[in-house]
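1. Curious how this folds, go ahead:
(2 chains)
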Amino acid sequence: MSSNAPVTSSGEGSHQVLTFVLGKETYGVDILRVQEIRGYSAVTKIPHAPPHVLGVLNLRGSIVPIVDLRMRFSLDRAEYTAITVIIVVAVMSAAGRRDFGVVVDGVSDVVDVNTEAVKAAPDLGARGATDYIRGLVPVADRMVVLLDIDRLIGTDIANLTGGATPQAA
Amino acid sequence: MTIDLTQFHDAFFEESFEALDSMEAALLKLDVGAPDKELINTIFRVAHSIKGGSATFGFSDIASFTHSLETLLDELRSGTMQVTPAMSDLLLKSVDVMRAMLRAVQQKKPIDAQKVSDLQFDLELMIAQKSAAPAAPAAPAPAPAAAVVEPTRKRWEILFKPFPELFARGNDPLRMLRELAELGELESLPDISALPNFAQMDPQSCYVAWTLQLTADVEESAIRQIFDWAEGDCELQIKLAGAPAAAPVAAASEAPEVVPPAPVSNTAAVAAPQPAPTLVAAPSAPPKLDAVPKTDAPIEKMADSGSIRVSVEKIDELMNTVGELVITQAMLSQLSTKLEGNSAEKLRAGLAQLERNMRELQESVMRVRMLPINVVFSRFPRMVRDLAQRLGKQIELKLTGEQTELDKTVLEKIGDPLVHLVRNSIDHGIETPEKRTAAGKSPAGTVHLDACHRGGNIAVEVSDDGGGLDKNRILAKAKDRGLVGPNDVLTDEQIYELIFLPGFSTAEKTTDVSGRGVGMDVVRRNIKELGGKIELRSELGKGSKTIITLPLTLAIVDGQSVSVGGETYIVPLISIVESMQLKASSVSKLSGRGEVFSFRGYYLPIIRLYELFGVEPRTKVLDEGLVVVAEGEGHQRIGLFVDDLLGQQQVVIKSLEANYGHVEGVSGATILGDGSVALILDIPGLIRATSIRSAA
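-> Coordinates of the predicted model:
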């Protein structure tokens, strides 16, 4: 589980990160968590799902929920086009491993990130939750936001599994 | 080099548990009527193979216990002891103890040594008592008692009389004697009376016979094994002598009395127990017949069922792959309909063939997972027997349809609910013998378990001829507790339905009727998790019947696809009563209760699926779409309003919870022919989600 180890300044070496674009920002996720990258196709809606969960897709036989990161980050909603991409990631949560598809604007690159170069995310106070950001790292004069995918989507999972509304008959 | 035996442990445990189950079943059959030789043999073989296995793996506690058990069983087998109720109880307890020991060893936990040694003592006591009892009057010498005190060193008397042509068959009597000598102390008395004078002697014939005395801690089978090759070429009689090594001269003179000249057949030995000398002996088998005890080959006999063990994961993997194939095949067929031309026609024909083959393949794979329901039923005879004894009731258990096959997953989960129902029947359903006689019934009540296929489902019924349910008391209680309005009129079905409410009668389990409801909500929840239904029928004074309807498998469901807007949903066929087009005139609005329509004399609520699931439909006008009349728990019916019906198909159930979570009103998802996902509706869940209660 070294891929999920917290970033520490004393850590040596580097790890690979898949970077993708969302709006004007570049984000990165640990490459070891990426299961596959595929084009967008129509999803099946799930009733009572949070707005950023678009629905589910058939991914070689398993049913995988698809999350729109733009909506998750409260960005303007973009049209889904032929180049819209879904990154399928493995999320580790209390309930075990789960696969999620993440809709992004485009995938850019796989980059080596020097662990020492990762800066902690600034505390933005109440204005923005930053607990799902592992850190910031400059890559070729751009700032890449490294995401902690477990925190980002794990909270959703907790809500979904714990929040199934048992209605008193 | 040593072999790592731990790799075989799992197989040993699995086989042992199964063997114990069959032993238990055999024991239960045994106590009715005269003991069946074959049953005793079955029981003996189980004990024997567990003893062998545990000794091999170094589970000495189990080996030692099973040894005592085996000794007792050997007595039964040889007919020197008779099956008594006390003994059958003891043997059943032994099964429990062996199971507990095996489980403890399997989980690497300490064995409950006290319990084991207590029971082992009981077993040995029984052996000792039985051995001593017939010995006292019959035997003039006190020798047999000594044999009981030290049972391990037995003295065998063997009469070995080779036929003259023994040498010609490649047998060497001296080798056999040497091997015997290795087993223990051997004294041999050659009988050379048949020896002709030298001139007439044929050097290739055997003229010598032996009377052998072997003092050793061995079973008869071990001795017989040595003579295996000479079988049919000699006269062989093996007897256990009462006393441990006495004077050889005395033994020799005794021999002709001890060994009856005429071979004693097995049945004769059972009917007329031999006096003192045949204490622990297996009956001597006539050498020329095939009645040699089968002790040396019990393990092979048991494993010979023509099956192999495969892990469940492998089968599941296979199921998944086949599921994928079905989907791919459906996708291809769908694509082929868009093609045109001569070769397209051929392609379609080929695909149709493929579809047939796929269906067969799917069914075959599914059958691999199926097991007869007997696996579950087999635990009931014991339970019913114990419970009836404890409650002082006479109960006859009837099992039918044991060969009905069910998916393994369903089978594993159906056990507990069934136990609960059977226990209810015995505890609260069947009356005491006195009460029954007073009511003009036979004193013994009947509990009947039945399983059968019924329209693509499995129906399991638990019925009894006991007191039945008192509708009025149930209704009165429900009214007391405010579950039913004081003036409500309920149908019989709805009254029985009350029993399934959580905690409905637990509070007053003192009365017969209310006790019945304990845990019925749990039973229903379990059945529901399996995608099944449960209903109750009863007649006061005549008995009650619980009917459980289960899907054949959890992996596939027969479904009706319906469309709402651009979405496709699957409604399980088991929930559908019928589908119909509504006339605007049959719909009426109830204030606060939404819309209802009349259906066969009842008013059913309408659930608009698009409203519930937040989808934009093709139409919102009731008489432009269709209504699927569906049934939830306990005949609770609703009308599900959808745009259109698409078609019926078998769909492979995929979990939505594996990667996502539970969705109210949805039991899972499936992949359609075009590769897209469709949700499978859960009708009872839908009804709960809308929290509409059927207005009857």
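
2. can you map out the helices along chain A?
-> Secondary structure of chain A (DSSP state H): helices located at A:69-72, A:149-162.

3. What about whatever residue of chain B ends up closest to chain A, how many residues nearby?
-> Here chain B gets closest to chain A at one residue, B:G661, 3.2 Å apart by C-beta to the nearest C-beta. All C-beta atoms are positioned from the backbone trio N, CA, C, and that covers glycine. By other C-beta atoms under 10 Å in any protein chain shown, 22 other residues sit near B:G661.

4. Please confirm that it is located within a strand.
-> No - with DSSP: H, G, I helix; E, B strand; the rest coil as the criterion, B:G661 is coil rather than part of a strand.

5. State the pLDDT value of it.
-> B:G661 is assigned 80 on the pLDDT scale.

6. Can you pull up the most central residue in chain B?
-> For chain B, the residue nearest the mean C-alpha position is B:V375 (2.3 Å; C-alpha atoms, centre = their mean).

7. sec struct for it, please.
-> Quick answer, by three-state DSSP: B:V375 is helix.

8. any idea how far it is from B:A25?
-> Distance of B:V375 to B:A25, given as C-beta to C-beta, to the nearest Å: 11 Å.

9. cool, and B:L411?
-> 17 Å.

10. The two: which has the busier surroundings?
-> Between B:L411 and B:A25, B:L411 has the larger neighbour count (other C-beta under 10 Å), namely 21 against 18.

11. for stretch B:562-570, the distance to its chain's centre please.
-> Relative to its chain's centre, stretch B:562-570 lies at 43 Å (C-alpha atoms, centre = their mean, to the nearest Å).

12. quick one: contacts of that stretch?
-> Here stretch B:562-570 makes contact (C-beta atoms under 8 Å, 6 or more residues apart in numbering or on different chains) with A:44-45, B:557, B:559-561, B:571, B:609-610, B:613, B:615-618, B:626, B:628, B:640, B:642-646, B:651, B:670, B:672, B:676, B:678-681.

13. could I get it in CSV with only the CA atoms?
-> This file holds the C-alpha atoms of stretch B:562-570, laid out as CSV (Å, rounded to 0.1, in the frame of the first residue of the first chain):
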residue,chain,number,x,y,z
VAL,B,562,-40.2,-2.1,-19.2
SER,B,563,-39.3,1.3,-20.4
VAL,B,564,-39.8,4.7,-18.8
GLY,B,565,-38.5,7.6,-20.9
GLY,B,566,-35.1,6.5,-22.2
GLU,B,567,-34.4,4.1,-19.3
THR,B,568,-35.1,0.4,-19.3
TYR,B,569,-36.0,-1.4,-16.1
ILE,B,570,-36.4,-5.1,-15.3
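
14. in it, what's buried?
-> Neighbour counts over stretch B:562-570 (16 or more other C-beta atoms under 10 Å in any protein chain shown) mark B:V562, B:S563, B:V564, B:G565, B:E567, B:T568, B:Y569, B:I570 as buried.

15. Could you tell me the least trusted of the helices of chain A?
-> helix A:149-162 (a mean of 70).

16. Now do stretch B:450-464: distance from first to last residue.
-> End-to-end distance for stretch B:450-464, by C-alpha to C-alpha, to the nearest Å: 11 Å.

17. Outline the domain layout of chain B.
-> B:5-137, B:149-289, B:312-369, B:372-551, B:556-690 (automatic domain parsing).

18. nearest to A:A49, of those?
-> Among the domains of chain B, the nearest to A:A49 by C-beta to C-beta is domain B:556-690 (7.7 Å).

19. and the residue minimising distance to the centre of chain A, what is it in contact with?
-> For chain A, the residue nearest the mean C-alpha position is A:I149 (4.7 Å; C-alpha atoms, centre = their mean). A:I149 sits next to A:V29, A:D30, A:R33, A:V89, A:V91, A:Y132 when contact means C-beta under 8 Å, 6+ apart.

20. Kindly recompute the last result at 7 Å.
-> A:V29, A:R33, A:V89, A:V91 (C-beta atoms under 7 Å, 6 or more residues apart in numbering or on different chains).

21. I'd like those laid out as CSV, including neighbour count.
-> Below are the contacts of A:I149 laid out as CSV (neighbours: other C-beta atoms under 10 Å in any protein chain shown):
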residue, neighbour count
A:V29, 21
A:R33, 18
A:V89, 24
A:V91, 22
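
22. any residue of stretch A:82-91 up close to chain B?
-> No - using C-beta under 7 Å from any C-beta of the partner chain, we find that stretch A:82-91 stays clear of chain B, coming within 8.7 Å at best.

23. all strands of chain A, in order?
-> Taking DSSP state E, the strands of chain A run over residues A:14-22, A:25-30, A:34-39, A:53-59, A:62-68, A:85-93, A:96-104, A:106-114, A:133-139, A:142-147.

24. hmm, back to that, would you check how far apart the residue nearest to the centre of chain A and A:R72 are?
-> Where A:R72 is concerned, A:I149 sits at a distance of 12 Å (C-beta to C-beta).

25. Sketch out the low-pLDDT regions of chain A for me.
-> Scanning chain A for pLDDT under 70 picks out the ranges A:1-12, A:95, A:124-130, A:156-169.

26. The same query, at a cut-off of 80, please.
-> Scanning chain A with the threshold set as pLDDT under 80 gives A:1-13, A:60-61, A:72, A:74-79, A:81-83, A:93-96, A:121-131, A:140-141, A:154-169.

27. I'd like to know which of the strands of chain A lies nearest to B:G350.
-> strand A:53-59 (25.1 Å).

28. tilt between the closest one and strand A:85-93?
-> Angle, strand A:53-59 to strand A:85-93, by axes from the mean of the first three to the mean of the last three C-alpha atoms, to 10 degrees: 100 degrees.

29. Now do strand A:53-59: distance to the chain's middle.
-> In terms of C-alpha atoms, centre = their mean, the gap separating the centre of strand A:53-59 from the centre of its chain is 15 Å.

30. Please apply the same query to stretch B:574-582.
-> From the chain centre to the centre of stretch B:574-582 is a distance of 38 Å (C-alpha atoms, centre = their mean).

31. Compute the first-to-last residue distance for that stretch.
-> End-to-end distance for stretch B:574-582: 22 Å, by C-alpha to C-alpha.

32. Okay, buried residues for stretch B:385-398 please.
-> Of the residues in stretch B:385-398, those buried under the neighbour-count criterion (16+ other C-beta under 10 Å) are B:R385, B:L387, B:A388, B:K393, B:Q394, B:I395, B:L397.

33. Skipping its backbone neighbours, what lies nearest A:A120 in space?
-> Of all residues not flanking A:A120 in the chain, A:G135 sits nearest, at 5.7 Å (C-beta to C-beta, 6 or more residues apart in numbering or on different chains).

34. Would you mind confirming that the one you found makes contact with A:E116?
-> No - the pair A:G135 / A:E116 is not scored as a contact, 11.0 Å apart, by C-beta atoms under 7 Å.

35. and the two? which has more neighbours close in?
-> Set A:G135 next to A:E116 and count neighbours by other C-beta under 10 Å: A:G135 wins out with 19 against 14.
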